[in-house]
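> here is the input, now give the coordinates:
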Amino acid sequence: MWTNWAKTASCTPARVVHPSSTDEIAAAVTAGSRVRARGSGHSFNDIAVAPETALDLDRWIGIVRADTETGLVTVRSGTPLSAFNADLHRLGLAMPNLGDIDAQTVAGAVSTSTHGTGAKLGVLATAIEALELVLADGSVVTCSRTDRPDLFAAARVGLGALGVISTLTLRCVPSFVLQASETPGRLDAVLEQFDDLCAVEDHVEFHWFTHSDRVILKRNNRITDPARPLSKLRQKWEYEVMENAAFGAVTKVAKSFPRHTKRLNELCGALISERSYSDYSHNVFVTPRRVRFVETEFSIPRETLLDVIGELRAVANKLGARDHLIVPCEVRVAQADDIWLSTANGRDTAYISMHQALGMQYKTFFDAYASIAAQVGGRPHWGKMHNLTADELRPLYPHFDDFLAVRNEVDPNKTFTNDYLDRVLGSS
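Coordinates of the predicted model:
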């Protein structure tokens, strides 16, 4: 049985295929059953569920070619982001932006509109210059802004609904060092300066302990000085001991004694200390996550962020102890883009991610958040927990029907569908 990372989705596929070439991918696609490429299973919903044929691309990995002059790098779709980041670094290159988890495959990350933070930077899929896909009829096609541009506009964030991505060509940048600054703060003060911070910092985000006013403010800026990373001992202490082992123990206390969750929010926030260091970008963006959780996230227009946070504070203050969240909320930003199903399509975006430790109640708060986000046109992250349907999503995306038209052209028999895609794209 296959189970995703968060243990929120599982299935027993009738057939699992581990292709190691485009010919083998095509053979699996044309074998007569429905097919899903399931990536690393780091989506929190059932987007990767493959009850018939599951494509596990663990043998289809690595960089195909790289031009260090132009920064154009072609990579196989099953490559984990962690491996890709390491390979790029050896070449003197880097992704222009990253999220804080690198367990996803490259194709899985872009296909769900995964993002980092930066007011002048887009979601990860904006780095794509070209895609190679295996379509439902077994044909292998390429697309870019000039070659099949409609397929390109759809497939960069394609949810796995248009075909199996075999390779991606990404516009990378020379390796760069980030100066990282992490400081404790108070929510009102951070919100008051957040727009100014977004204007002057390369990457800014904050983590809010939702049942208190305490936050961790993170600012990462490009520098030309050499990297001065944390010592190995301090890395182990802060990341493995404090942020994972100790926080894991805190979540167990909250799970056993939910009435103390609010106090634990305050305590965790009060124990945060300042941290400043510099390192290569992928070592700063990505942090180890050992404590498992469930997550929902909506992208909202940047200008609505303060109002939405205010509504969430009101909900947090009203909820009973059993519905309190122990894992902090995360707030990030991204620049508008032109990708049809990107969560930042056509608007500068703020992202609010809400988390809860596995085994604790989350539905009441998550549902309340979904209602608040709906009032401002919130778009759910395609790989995280939400209940929206095609009818509800259509008004949120100006090119929703354009996407469906491309899908009908390249996969008229819905070879690549599953129950999740039937819900969010429609079953007809």
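> how far does the strand or helix carrying residue 216 sit from its chain's centre?
Here residue 216 sits within strand 214-223, counting by DSSP states H and E. On the basis of CA atoms, centre = their mean, to the nearest Å, strand 214-223 sits 19 Å off its chain's mean C-alpha point.
> before we move on, what about stretch 282-292?
13 Å.
> got it, and stretch 69-82?
For stretch 69-82 - counting by CA atoms, centre = their mean - the centre lies 17 Å from the chain centre.
> and the end-to-end length of it?
Terminal residues of stretch 69-82 lie 23 Å apart, using CA to CA, to the nearest Å.
> which residues does residue 329 bridge with?
As for beta bridges, residue 329 partners with residue 208 under DSSP bridges.
> for the helix or strand where residue 408 lies, output the C-alpha coordinates as PDB.
When elements are assigned from DSSP H and E, residue 408 belongs to helix 400-410. Taking Å, rounded to 0.1, in the frame of the first residue of the first chain, the C-alpha atoms of helix 400-410 are listed here in PDB:
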ATOM      1  CA  PHE A 400      -9.600  27.700 -16.100                       C
ATOM      2  CA  ASP A 401     -11.600  26.900 -19.200                       C
ATOM      3  CA  ASP A 402      -8.600  27.400 -21.400                       C
ATOM      4  CA  PHE A 403      -6.800  24.800 -19.300                       C
ATOM      5  CA  LEU A 404      -9.700  22.400 -19.800                       C
ATOM      6  CA  ALA A 405      -9.700  23.000 -23.500                       C
ATOM      7  CA  VAL A 406      -6.000  22.000 -23.700                       C
ATOM      8  CA  ARG A 407      -6.700  19.000 -21.500                       C
ATOM      9  CA  ASN A 408      -9.500  17.800 -23.800                       C
ATOM     10  CA  GLU A 409      -7.200  18.200 -26.800                       C
ATOM     11  CA  VAL A 410      -4.200  16.200 -25.400                       C
END
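> so what does that helix touch, helix or strand wise?
helix 149-155, helix 419-425 (3 or more CB pairs under 8 Å, 6 or more residues apart in numbering; DSSP states H and E). Quick note: C-beta positions are derived from backbone N, CA and C, even for glycine.
> measure the spatially most central residue of the chain to residue 28 for me?
Closest to where the C-alpha atoms of the chain average out (CA atoms, centre = their mean) is residue 114, at 3.3 Å. According to CB to CB, to the nearest Å, residue 114 stands 25 Å off from residue 28.
> and the strands in the stretch 251-400 of the chain?
Secondary structure of the stretch 251-400 of the chain by DSSP state E, counting those that start in this stretch: the strands cover 275-280, 293-301, 329-334, 349-357, 379-380.
> in a markdown table: these, plus mean neighbour count, distance to residue 120 and mean pLDDT.
Putting the strands of the stretch 251-400 of the chain into a markdown table (neighbours: other CB atoms under 10 Å; distance: least, CB to CB, whole Å; pLDDT from 0 to 100) gives the following:
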| stretch | mean neighbour count | distance to residue 120 | mean pLDDT |
| --- | --- | --- | --- |
| strand 275-280 | 16 | 20 | 97 |
| strand 293-301 | 23 | 17 | 98 |
| strand 329-334 | 24 | 9 | 98 |
| strand 349-357 | 24 | 12 | 98 |
| strand 379-380 | 24 | 20 | 98 |
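> now these in a markdown table, with distance to residue 174?
Listed next are the strands of the stretch 251-400 of the chain as a markdown table, based on distance: least, CB to CB, whole Å:
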| stretch | distance to residue 174 |
| --- | --- |
| strand 275-280 | 11 |
| strand 293-301 | 29 |
| strand 329-334 | 22 |
| strand 349-357 | 27 |
| strand 379-380 | 33 |
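> ok, residue 219 - how many residues close by?
By the measure other CB atoms under 10 Å, the count of residues near residue 219 is 19.
> beta-bridge partners for it, please?
Taking DSSP bridges as the rule, residue 219 bridges to residue 181, residue 204.
> what is the closest residue to residue 164 other than its chain neighbours paired to in the beta sheet?
Once flanking residues are discounted, residue 164 sits nearest to residue 134: 4.5 Å by CB to CB, 6 or more residues apart in numbering. Per DSSP bridges, the residues bridged to residue 134 are residue 140, residue 164.
> count of residues packed around residue 134?
Neighbours of residue 134 (other CB under 10 Å): 27.
> residue 385 versus the closest residue to residue 101 other than its chain neighbours, what's the distance?
Leaving aside its chain neighbours, residue 101 sits nearest to residue 289 (6.1 Å; criterion: CB to CB, 6+ apart). Distance of residue 289 to residue 385, computed by CB to CB: 16 Å.
> before we move on, what about residue 36?
Residue 36 is 18 Å from residue 385, by CB to CB.
> kindly report the same for residue 223.
37 Å.
> before we move on, the earlier item: which ones are touching the residue nearest to the centre of the chain?
When contacts are counted by CB atoms under 8 Å, 6 or more residues apart in numbering, residue 114 touches 99, 104, 108, 123-125, 383.
> shouldn't it be within a helix?
No. Residue 114: not assigned to a helix; according to DSSP: H, G, I helix; E, B strand; the rest coil it is coil.
> just to revisit the earlier point, report the angle between the strand holding residue 216 and strand 275-280.
Calculated by axes from the mean of the first three to the mean of the last three CA atoms, to 10 degrees, strand 214-223 forms an angle of 40 degrees with strand 275-280.
> what's the mean pLDDT across strand 214-223?
Over the span of strand 214-223, the pLDDT mean works out to 98.
> what comes up buried for it?
Counting neighbours by 16 or more other CB atoms under 10 Å, one finds that the buried residues in strand 214-223 are 214-220.
> which of these sits closest to residue 168?
Nearest to residue 168 out of those is residue 220 (CB to CB; 24.6 Å).
> is it true that the closest one touches residue 286?
No. Taking contacts as CB atoms under 8 Å, residue 220 lies outside contact range of residue 286: 11.6 Å.
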